[in-house]
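*Asks:* Dropping the sequence and predicted coords here.
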Amino acid sequence: MLPGNDRSVLESFRRGDSSVLTQVYRVYSPEVLRYLSRRFSVGADGGATRTVSLSALDLDAAHQETFVRAFRPNMRQAYDGVRPYLGFLLTVARSTAIDLMRASGRVSREAVSLDEAPELSQLPNEGRSPEEEALGTEVRTLVRRFLETQSEEGRALAQLRFVDGLSQEAAAEKLRLTRGEVRVRERRLRTQFTEHLKSSGWLDTAAEPGRMELGVILATLALCAIGSIPS
C-alpha cells in the first residue's frame, strides 16, 4: 500500500503526479538504502552460493536507479495498490543491485536468474492518457532546448541511456568510454537537466537541502518519457 492508503493516491501515483512520487520517495528511500547496503546471496559455479555487496559508488547508483525504474509508467501501472509497496520496491531494488554487480563483473551474468523476479519481466504496456500525451509534448520541448546546449557526446549519451535504455556498460562500449566515465558524464547530465527544469519552472527552485537526488530522479524520468531524442 502507498502512503495515505487511499484510492485517489493510487490513481495519482499511476498518473505520475510529482507530489505523490515525492511523498513515496521520502517515505521509502531510507528503507531502500538500508536494503541495498546489505549483502546479497548469489549462485556460484557448482550450485554453491556466496554473498556479495555493492561498492560505495554502485550503492549510490543503485539507490537512484531503483526509483527511476519503479517510477516509470509501466512499473507504476504494475503496482496493484493491495500488496505492500515496500515489498514491490525492494524487488526492484534487488534486480537493480544484481544488474549493477553484473555490469561491474562482481557476479557472473549467469549467477542470478531473472526468474527470481518474474513480476518484473511481464509488465503492462498501457496506452498513454491525454494528460500524459500533453505532458509528453511539454517535456519534449524542454528536452529539445536542453539538448541544444549539449555537445554531440552528451546527446549520444542521453539517447543510449535514457531513450534506448542501455546499461552503463553497454553505453560505454558504444561510446568507447570506460563505465566510470559514463557514470560521471551521466551524473553531470542529470544534474544539468535538473537545473534546466528548475530554471524553466518545471521543478520547484526552493527545494529543501538534500532533495537534489529526487530532482535528478524526476528529471531522468522526464528524459525517459520522450521516446526518442528530439531533432
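*Replies:* Cool, got the structure.

*Asks:* Show me the shaky parts of the protein.
*Replies:* 1, 3-5, 43-48, 104-140, 163, 165, 202-231 (pLDDT under 70).

*Asks:* Please, where are all the helices along it?
*Replies:* In the chain, the helices defined using DSSP state H lie at 7-15, 18-36, 56-70, 73-78, 85-103, 130-147, 152-158, 168-175, 179-199, 212-224.

*Asks:* Just the C-alphas of the second one, formatted as CSV.
*Replies:* In CSV, the C-alpha atoms belonging to helix 18-36 read as follows (Å, rounded to 0.1, in the frame of the first residue of the first chain):
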residue,chain,number,x,y,z
SER,A,18,5.1,14.6,-8.9
SER,A,19,3.8,15.4,-5.4
VAL,A,20,2.8,11.8,-4.8
LEU,A,21,6.1,10.5,-6.2
THR,A,22,7.9,12.9,-3.9
GLN,A,23,5.9,11.5,-0.9
VAL,A,24,6.6,7.9,-1.9
TYR,A,25,10.3,8.7,-2.3
ARG,A,26,10.6,10.3,1.1
VAL,A,27,8.8,7.5,2.9
TYR,A,28,10.6,4.6,1.3
SER,A,29,14.1,6.0,0.3
PRO,A,30,15.7,5.2,3.7
GLU,A,31,14.4,1.6,3.6
VAL,A,32,15.6,1.0,0.1
LEU,A,33,19.1,2.4,1.0
ARG,A,34,19.3,0.1,4.0
TYR,A,35,18.2,-2.9,1.9
LEU,A,36,20.8,-2.1,-0.8
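
*Asks:* what comes up buried for that helix?
*Replies:* Within helix 18-36, the residues scored as buried using 16 or more other CB atoms under 10 Å are 18, 20, 21, 22, 23, 24, 25, 28, 29, 32, 35, 36. Yep, even glycine has a C-beta here, placed from its N, CA and C like the rest.

*Asks:* what does the first one give?
*Replies:* Of the residues in helix 7-15, those buried by neighbour count under the rule 16+ other CB under 10 Å are 9, 10, 12, 13, 14, 15.

*Asks:* quick one: which of the buried residues of helix 18-36 is nearest residue 145?
*Replies:* Closest approach between the buried residues of helix 18-36 and residue 145, by CB to CB: residue 18, at 19.8 Å.
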